[in-house]
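Undergrad: give me coordinates for this.
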Amino acid sequence: GEVGYGAGAGDHPGLPNVLRVTIGEALASESGLEPLLMLEANVDDMNPQICGFFAERAFAAGSLDVFFAPVQMKKNRPGLLFSVLCRPEQRETLMDLFFQETTTLGVRSYEVFRRALDREFVPVSTPYGEVRIKVARRNGQVLNFSPEFEDCRRLAEENAVPLRKIFEEAAVAFRNQSGSR
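TA: Predicted coordinates:
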């Protein structure tokens with residue numbers, strides 16, 4: 001921000017004759033928005049099998065999200081857009097990862113803002129075992145919930161039942177437990 005001072009020519013006993021103006025921007029955190037960075041690179045000359053490994057390494061380094069999208073590049077070549085969402089202090093580490101694990105010659109970064117719902121895990125009991133439910137709230141009100149995939153997968157394998165059935169049982173158990181329909 002910038003600060004400016006000015007003093008007028010008039011003199012009023014007992015009153016200051018000075019004006020101070022501060023120009024700036026409200027911090028994103030005051031509005032509930034979290035400032036983050038998006039790192040991106042386009043690649044058209046790399047074995048796509050490496051993508052999964054890159055994503056694992058990026059998540060291990062603290063990325064908040066990693067995703068790939070098909071893009072059309074110069075000379076009509078198909079390529080991939082690598083996108084990594086991270087905190088500002090992770091920029092250098094993750095840019096280095098792009099250069100180590102992909103064939104890119106450059107990485108873009110730009111600031112983005114995120115508003116995230118409050119999240120918590122709530123355990124529920126099903127006939128097949130316990131499942132954690134990821135619950136998203138805003139101002140204390142449940143807006144969304146989802147059975148945790150890995151819990152459901154494990155129980156489906158252990159009980160030799162369809163994965164879909166575990167998801168359904170977990171959702172019913174959460175609705176019954178929380179009183180929501």
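
Undergrad: direction included, what does the helix or strand harbouring residue 145 pair up with?
TA: If you go by DSSP states H and E, residue 145 is part of strand 141-147. Sheet pairing here is set by DSSP bridges, and for strand 141-147 it gives strand 129-138 (antiparallel).

Undergrad: in the strand it pairs with, what's buried?
TA: Using 16 or more other Cβ atoms under 10 Å as the test for burial, strand 129-138 gives 131-133, 135. C-beta coordinates here come from the backbone N, C-alpha and C atoms, glycine included.

Undergrad: over to stretch 93-108?
TA: Buried, per 16+ other Cβ under 10 Å, within stretch 93-108: 94-95, 97-98, 101-102, 104, 107.

Undergrad: show me where this structure dips below the pLDDT cut-off.
TA: 1-10, 12, 14-16, 18-31, 180-181 (pLDDT under 70).

Undergrad: any idea which residue is closest to the centre of it?
TA: Nearest to the geometric centre of the chain sits residue 64, at 4.6 Å (Cα atoms, centre = their mean).

Undergrad: which residues are in contact with that residue?
TA: By Cβ atoms under 8 Å, 6 or more residues apart in numbering, the contact list for residue 64 reads 36, 85-87.

Undergrad: same check, this time on residue 167
TA: Residue 167 touches 147, 152, counting by Cβ under 8 Å, 6+ apart.

Undergrad: helix/strand/coil for it?
TA: helix (DSSP: H, G, I helix; E, B strand; the rest coil).

Undergrad: how close does it get to residue 128?
TA: Remark: distance between residue 167 and residue 128 (Cβ to Cβ, to the nearest Å) = 11 Å.

Undergrad: returning to that earlier point: report the two of the contacts of residue 64 separated the most.
TA: 85 and 87 (8.9 Å; Cβ to Cβ).

Undergrad: show me which of the two is the more surrounded one.
TA: More neighbours surround residue 85 than the other of residue 85 and residue 87, with 18 against 14 (other Cβ atoms under 10 Å).

Undergrad: quick check, the more buried one in a strand?
TA: Yes: using three-state DSSP, the secondary structure at residue 85 is a strand.
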